[in-house]
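Visitor: Below are the sequence and a predicted model; questions follow.
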Amino acid sequence: MDKEELKEDIDNSTVENDGIKSQTAENDVSDQKNEDNKSESEIKEDEKLTPEQELETLKDKVARTFAEMENQRRRFEKERDEAYEYGGYSFAKEALNLLDNLERSKVALENDQKLKNTDALKKILDHLDIINNDMLSIFKKNNIEPIKSINEKLDPNLHQAMMEVEDDSKEPGTIVQEIQKGFMMKDRLLRPSLVGVSKKKAKDEEKKDQKDEKN
């Protein structure tokens, strides 16, 4: 390769490099323009809000924040009051089992043929009654009271019907038997009363009874 060809190759290489540099420079300029355009667009958007509008926006944000804080405060106060009023709810519910066991013990002793009509049975029952009454008194001091049931109309919010008892002397749905006593803690139900309610005699049975009487 002679000197002229070598020189020509060097010149061509220089031209190509200059072209690449020129293209790169153009791309950089284009990217810079895009960034400048974005910045200008953002600035224009910010400039669209007047001071009055910005103030209203801030007021709205403050009002929303205050409302959320107020809601949280109310929720906290409600939870605190409920914890104070009903803090012993679970304990009271479990303690009702003691009353049930006392009542079962009384029934078992009264049905014991060996103890019937003995002084020992009478003394035991008297002691059980004292314990039962003391527990009811303690419950009452803590706003826990039994639900009225006998001769009351069935209330699904307070009573749970376990059976129906035919009784024409009572209005249908009247409670005539209490299987398990229910309790309230202030205005909250600890447990419902398990009861038996009255119902009218079936007509077929009434006719059968009349026939039997005639015969």
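Guide: In hand now; what should we look at?

Visitor: any idea how this structure splits into domains?
Guide: 3-78, 88-142, 146-215 (automatic domain parsing).

Visitor: Mean neighbour count, those domains: which tops it?
Guide: Burial of these is given as mean neighbour count (mean count of other CB atoms under 10 Å); domain 146-215 ranks first at a mean of 14. Quick note: C-beta positions are derived from backbone N, CA and C, even for glycine.

Visitor: what about this protein, any weak spots by pLDDT?
Guide: 1-47, 49, 79, 81-87, 203-215 (pLDDT under 70).

Visitor: Output stretch 135-150 as CSV, restricted to C-alpha atoms.
Guide: Taking Å, rounded to 0.1, in the frame of the first residue of the first chain, the C-alpha atoms of stretch 135-150 are listed here in CSV:
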residue,chain,number,x,y,z
MET,A,135,-73.3,-15.3,93.9
LEU,A,136,-76.5,-13.6,92.6
SER,A,137,-75.8,-10.7,94.9
ILE,A,138,-72.3,-10.3,93.7
PHE,A,139,-73.5,-10.5,90.1
LYS,A,140,-76.1,-7.8,90.7
LYS,A,141,-73.4,-5.5,92.2
ASN,A,142,-71.6,-5.9,88.9
ASN,A,143,-74.7,-5.2,86.8
ILE,A,144,-75.3,-8.8,86.0
GLU,A,145,-79.0,-9.9,86.5
PRO,A,146,-81.2,-12.8,85.5
ILE,A,147,-83.6,-12.5,82.7
LYS,A,148,-87.3,-12.8,83.5
SER,A,149,-88.9,-15.7,81.8
ILE,A,150,-91.8,-17.5,83.5
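
Visitor: what's it in contact with?
Guide: 88, 92, 95, 98-99, 102, 158-159, 175-178, 181-186, 190, 192-193, 195 (CB atoms under 8 Å, 6 or more residues apart in numbering).

Visitor: now the strands for this protein?
Guide: 144-146, 159-166, 175-180, 183-185, 188-191, 193-199 (DSSP state E).

Visitor: Adding distance to Leu136, write those out as a markdown table.
Guide: Shown next, in a markdown table, are the strands of the chain (distance: least, CB to CB, whole Å):
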| stretch | distance to Leu136 |
| --- | --- |
| strand 144-146 | 7 |
| strand 159-166 | 19 |
| strand 175-180 | 15 |
| strand 183-185 | 10 |
| strand 188-191 | 13 |
| strand 193-199 | 15 |
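
Visitor: between those, which one is nearest to Phe66?
Guide: With CB to CB, the closest approach to Phe66 among these belongs to strand 188-191: 32.8 Å.

Visitor: which ones are touching Glu152?
Guide: Residues near Glu152 by CB under 8 Å, 6+ apart: 159, 174-175.

Visitor: Reformat the residues you listed as TSV; add distance to Lys148.
Guide: Shown next, in TSV, are the contacts of Glu152 (distance: CB to CB, whole Å):
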residue	distance to Lys148
His159	10
Thr174	13
Ile175	9
